[in-house]
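Novice: with the input below, show me the fold.
(chains A and B)
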Number of protein chains: 2
Amino acid sequence: MSELYKLNPKGNVTSPKSFIAGGTYAGLKTFAESKLDLGLLRSEVKCSSAGVFTKNKVRSHSVTLSEKNLKKGSIQGIVVNSGIANACVGDQGMIDAEECVKISAKHLKLLPEEVVICSTGIIGVELPVDLIRKGITKIDLSNDGGDRLAEAILTTDTKTKQASITFELDNKKVTIGGIAKGAGMIHPNMATMLAFITTDAAISEKDISECLKKAVDVSFNMISIDGDTSTNDSVIMLANGTSKVKDIDFTTSNGDSFQQALNELCIYLAKEIVGDAEGAQKFIEVKIEGCSFAKDARSIARTIISSTLVKTAIHGSDPNWGRILAAAGRSGVSIDENKITLNINGVCMFENGVPVPFHKEGAISAMNKQHVNIHIKFNNGKFTATAWGSDLSEEYVTFNSMYTT
Amino acid sequence: MSELYKLNPKGNVTSPKSFIAGGTYAGLKTFAESKLDLGLLRSEVKCSSAGVFTKNKVRSHSVTLSEKNLKKGSIQGIVVNSGIANACVGDQGMIDAEECVKISAKHLKLLPEEVVICSTGIIGVELPVDLIRKGITKIDLSNDGGDRLAEAILTTDTKTKQASITFELDNKKVTIGGIAKGAGMIHPNMATMLAFITTDAAISEKDISECLKKAVDVSFNMISIDGDTSTNDSVIMLANGTSKVKDIDFTTSNGDSFQQALNELCIYLAKEIVGDAEGAQKFIEVKIEGCSFAKDARSIARTIISSTLVKTAIHGSDPNWGRILAAAGRSGVSIDENKITLNINGVCMFENGVPVPFHKEGAISAMNKQHVNIHIKFNNGKFTATAWGSDLSEEYVTFNSMYTT
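Specialist: As a prediction, this is how the structure comes out:
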């Protein structure tokens, strides 16, 4: 990352100016390490907003309502609960989502259509609206409340994911802050994960969706833990302009600088999610170079990082590079084997289409690290992509076979 | 299955008339339970042939050569080796495949273009052609050699997969025989699996590809163990007409009868593969009913059976039906939640869009079986699909993290 950007791993959504947040325990969560389970976020002034949501056809009613409110274009507050997903509960799900938004709007002194709702947790259980009503009124929002919100969104996560990034535009300080939750079901196209991004930069309603989508595509959409996507994934971004930097023009270098900072922050949070994956022991990075098209590089990186067989091989420090090439081939991208070079943690195992004899014990030793980097050059073009994921361990299976019971 | 069909679980590719086979140990396999690793199959008379191959873009040279020879339309012999995949070895792979076919053709008294080659095993290792040359000449083919061939194709499988099915057409007995291997990497679109089907029915070159493809689509393409597909998957079928039944016309009831028998045999072999999956402890059947299109039913069944989170929940007898609906939603098929009814081993957990209160300990007990049936009705149309797969166990991870080391 450029020295122009300062990333603060203790920053969060209240690091940018004029955002307030808070969290409380409302009694929704019975299984998690963190006790907080209900939170609020508000911009103290009008702001622009954008959201990226799950592509799953079975969706939480909270997602449906948030998407509807975001289209109206005047979001200023977010209510989020953990423990219960508000999905697969019939028509009651929408009634409950609307009621929670109404209660939150009243507490935040906003209109209901200025608030979005995010839920994460177990599917098929109705939101206990009365508990939420009581909880909301207990939440004191403050300029340092981002930490409590970061905790309130967790489910099986073992720690909060949060950071802020600071840089200068036109000699004025700009901050972007973010928090996220993940743990299980993390996958390309965003499985049960939530992320909230705030900034005191000013971005037009026209541009904010596009810049958020770009950042999500290189970050949250490039991580995989177990190949499933959820009913509830949401990334919400609010930009309130209180830094006094003029509206960012994305056709200029200011736009490039902002996009780069936003990408870095989202990549940081995405990697934090992978690092805290349920039952994971290793962190895997797949770097693809030399593809003819950007979508080819992305597709190969994502297919490899999602492969169960690759994940188990990495788990066992097994230099079984054939599984990696087989996963690349399964991506559907046309591949010229004879141009491929493959390294794992610096050990070249395959070069220009033929296996390279390598010292097996040395390779195993090189792979027996907490971080494993898979690097493949296709030598076919200029496009690159990077994906991140976790290994597949016995602990993952144990953990995920006992979720509701 | 209809009483008209007699399935013999001890039958195999030499059960139909005028097929001979054999197998030997050539020294290719160092890791498997079965010692045989090289086999031959031959029709004693001219026959028609068809093949279905992996869709992986990284392919074994054996697949490439077999596909080329099959297009010429006069296949009468098959050579197969286990232990080494002949994939990702550069141009030497095609030289070796051609040489093995040439050696085999000579021993089988056929022309090289009348022989196909299948390989399965570790990627990135060259075929030891001299060992294969010596091995081929040791193989005695006979009318009861199918058992040895069934053993020679195994890798990490713990037992042979074989069967034959017998029925009457025009008062004459017709037999279809088959053998398969699977174990790991089994997935829709056929991961590291091989299957060989023989029949003494007469089928035109025009029809045999279509009827094989139909059978593969409802059998080998509907199973999933770990979501990966391999460089080597192949299903080959030979029909030699020695039953003296006239050419099967697939527009008549004779065609329907033959197709049904072939489907049943392939489904039997596919389920045998699932039952012997590496590290699997449970057998899962996903039955989808009431979809508007056949492809929708197939897509939903395959997405559910491939879900890591569903597999781990079933492993732990966890009645977490939300993961099943989330997987259905991830298939991309448009879903009307309010019409869905979901049962697991007879316990209704979700009906017409709302969760059904069920006794949790009772549901856990119902799921704590070796066979778990997931049954979902979408109530949207008449199309159905069934998929089969294994659970995901701690043993699977242990097994797959130690493959080459």
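Novice: what's the burial count for the nearest residue to A:Asp336 once chain neighbours are set aside?
Specialist: Nearest non-adjacent residue to A:Asp336, counting by Cβ to Cβ, 6 or more residues apart in numbering or on different chains: A:Asn380, 6.5 Å away. C-beta: built from backbone N, CA, C; applies to glycine. Residues lying near A:Asn380 (other Cβ atoms under 10 Å in any protein chain shown) number 19.
Novice: return the distance of A:Asn380 relative to chain B.
Specialist: When distances are taken as Cβ to the nearest Cβ, to the nearest Å, A:Asn380 and chain B turn out to be 13 Å apart.
Novice: I'd say that residue and A:Cys291 touch.
Specialist: Yes. Shown here, A:Asn380 and A:Cys291 form a contact pair, counting by Cβ atoms under 8 Å, at 5.9 Å.
Novice: shouldn't the residue nearest to A:Asp336 be within a strand?
Specialist: No. Assigned with DSSP: H, G, I helix; E, B strand; the rest coil, A:Asn380 falls outside any strand and is coil.
Novice: show me what contacts it?
Specialist: By Cβ atoms under 8 Å, 6 or more residues apart in numbering or on different chains, the residues touching A:Asn380 are A:290-292, A:336, A:339.
Novice: quick check, central residue of chain A?
Specialist: A:Phe220 (4.0 Å; Cα atoms, centre = their mean).
Novice: ok, it - contacts?
Specialist: A:180, A:190, A:193, A:195, A:235, A:266, A:269-270, A:273.
Novice: out of those residues, which one has the lowest pLDDT?
Specialist: Ranked by pLDDT, the contacts of A:Phe220 bottom out at A:Met190, which has 40.
Novice: which stretches in the stretch 251-400 of chain A count as strands?
Specialist: A:283-291, A:341-344, A:347-351, A:354-355, A:371-377, A:383-390 (DSSP state E, counting those that start in this stretch).
Novice: out of these, the one nearest chain B is which?
Specialist: Closest approach to chain B among the strands of the stretch 251-400 of chain A is made by strand A:354-355 (3.9 Å; Cβ to the nearest Cβ).
Novice: looking at chain A, which residue lies furthest from center?
Specialist: A:Pro357 (38.8 Å).
Novice: backbone phi and psi for it, please?
Specialist: Main-chain dihedrals, A:Pro357, degrees, to the nearest 10: phi -60, psi 130.
Novice: tell me which helix or strand A:Gly51 sits in.
Specialist: strand A:48-53 (DSSP states H and E).
Novice: taking strand A:48-53 as reference, get the angle to the next helix-or-strand element following that strand.
Specialist: Next helix or strand after strand A:48-53 toward the C-terminus (DSSP H and E): helix A:61-72. Angle of helix A:61-72 versus strand A:48-53, following axes from the mean of the first three to the mean of the last three Cα atoms, to 10 degrees, is 140 degrees.
Novice: and the one residue in the stretch 101-250 of chain A that gets nearest to chain B, how many neighbours?
Specialist: Residue nearest to chain B within the stretch 101-250 of chain A (Cβ to the nearest Cβ): A:Ile123, separated by 2.6 Å. Applying other Cβ under 10 Å, we find 26 residues neighbouring A:Ile123.
Novice: same check, this time on A:Lys295
Specialist: Neighbours of A:Lys295 (other Cβ under 10 Å): 12.
Novice: residue contacts, the nearest residue to A:Gly135 once chain neighbours are set aside?
Specialist: Using Cβ to Cβ, 6+ apart and skipping residues adjacent in sequence, the residue nearest A:Gly135 is A:Ala26, 2.9 Å away. Under the criterion of Cβ under 8 Å, 6+ apart, the neighbours of A:Ala26 are A:37-38, A:81, A:131-132, A:134-136, A:138.
Novice: gap between A:Ala26 and chain B?
Specialist: Distance, A:Ala26 to chain B, by Cβ to the nearest Cβ: 21 Å.
Novice: helix or strand for that residue, which one?
Specialist: Using DSSP H and E, no helix or strand contains A:Ala26.
Novice: A:Thr158 too?
Specialist: Using DSSP H and E, A:Thr158 falls outside every helix and strand.
Novice: so what's the backbone phi/psi at it?
Specialist: phi -100, psi -10.
Novice: shaky segments in the stretch 151-300 of chain A?
Specialist: A:183-191, A:225-229 (pLDDT under 70).
Novice: longest helix of chain A?
Specialist: helix A:253-275 (DSSP state H).
Novice: okay, the angle between that one and strand A:283-291?
Specialist: 140 degrees.
Novice: return the list of helices and strands in contact with helix A:253-275.
Specialist: Judged by 3 or more Cβ pairs under 8 Å, 6 or more residues apart in numbering or on different chains; DSSP states H and E, helix A:253-275 is in contact with strand A:6-8, strand A:161-169, strand A:172-181, strand A:194-199, helix A:205-217, strand A:223-224, strand A:283-291, strand A:383-390.
Novice: can you list those in CSV and add mean neighbour count and distance to chain B?
Specialist: Output for the helices and strands packed on helix A:253-275, formatted as CSV (neighbours: other Cβ atoms under 10 Å in any protein chain shown; distance: least, Cβ to the nearest Cβ, whole Å):
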stretch, mean neighbour count, distance to chain B
strand A:6-8, 15, 32
strand A:161-169, 22, 21
strand A:172-181, 24, 17
strand A:194-199, 29, 16
helix A:205-217, 18, 18
strand A:223-224, 28, 10
strand A:283-291, 21, 13
strand A:383-390, 23, 12
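Novice: would a markdown table of these with distance to B:Ala261 be doable?
Specialist: A markdown table is the format used below for those (distance: least, Cβ to Cβ, whole Å):
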| stretch | distance to B:Ala261 |
| --- | --- |
| strand A:6-8 | 65 |
| strand A:161-169 | 56 |
| strand A:172-181 | 53 |
| strand A:194-199 | 52 |
| helix A:205-217 | 49 |
| strand A:223-224 | 41 |
| strand A:283-291 | 45 |
| strand A:383-390 | 44 |
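Novice: quick check: which of those is nearest to B:Trp388?
Specialist: strand A:223-224 (24.9 Å; Cβ to Cβ).
Novice: sheet-wise, list the partners of the helix or strand just after the closest one with their directions.
Specialist: Downstream of strand A:223-224, the first helix or strand assigned by DSSP H and E is strand A:234-239. Paired neighbours of strand A:234-239 in the sheet (DSSP bridges): strand A:48-53 (antiparallel), strand A:194-199 (parallel).
Novice: tell me what angle the longest helix of chain A forms with strand A:161-169.
Specialist: Going by the same axes, to 10 degrees, helix A:253-275 makes 170 degrees with strand A:161-169.
Novice: could you check the angle helix A:253-275 makes with strand A:383-390?
Specialist: Going by the same axes, to 10 degrees, helix A:253-275 makes 30 degrees with strand A:383-390.
Novice: and helix A:253-275, C-alpha only, in PDB?
Specialist: Taking C-alpha atoms only, helix A:253-275 is exported to PDB below (Å, rounded to 0.1, in the frame of the first residue of the first chain):
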ATOM      1  CA  SER A 253      -6.700  11.500  -9.900                       C
ATOM      2  CA  ASN A 254      -8.700  12.400  -6.800                       C
ATOM      3  CA  GLY A 255     -11.200   9.800  -7.800                       C
ATOM      4  CA  ASP A 256      -8.400   7.300  -8.400                       C
ATOM      5  CA  SER A 257      -6.900   8.000  -5.000                       C
ATOM      6  CA  PHE A 258     -10.300   7.600  -3.200                       C
ATOM      7  CA  GLN A 259     -11.000   4.300  -5.100                       C
ATOM      8  CA  GLN A 260      -7.600   2.900  -4.200                       C
ATOM      9  CA  ALA A 261      -8.100   3.800  -0.500                       C
ATOM     10  CA  LEU A 262     -11.500   2.200  -0.500                       C
ATOM     11  CA  ASN A 263     -10.200  -0.900  -2.200                       C
ATOM     12  CA  GLU A 264      -7.400  -1.200   0.300                       C
ATOM     13  CA  LEU A 265      -9.800  -0.900   3.200                       C
ATOM     14  CA  CYS A 266     -12.200  -3.400   1.800                       C
ATOM     15  CA  ILE A 267      -9.300  -5.900   1.000                       C
ATOM     16  CA  TYR A 268      -8.100  -5.400   4.600                       C
ATOM     17  CA  LEU A 269     -11.500  -6.200   6.000                       C
ATOM     18  CA  ALA A 270     -12.000  -9.200   3.600                       C
ATOM     19  CA  LYS A 271      -8.600 -10.700   4.600                       C
ATOM     20  CA  GLU A 272      -9.600 -10.200   8.300                       C
ATOM     21  CA  ILE A 273     -12.700 -12.200   7.600                       C
ATOM     22  CA  VAL A 274     -10.700 -15.000   6.000                       C
ATOM     23  CA  GLY A 275      -8.200 -14.900   8.900                       C
END
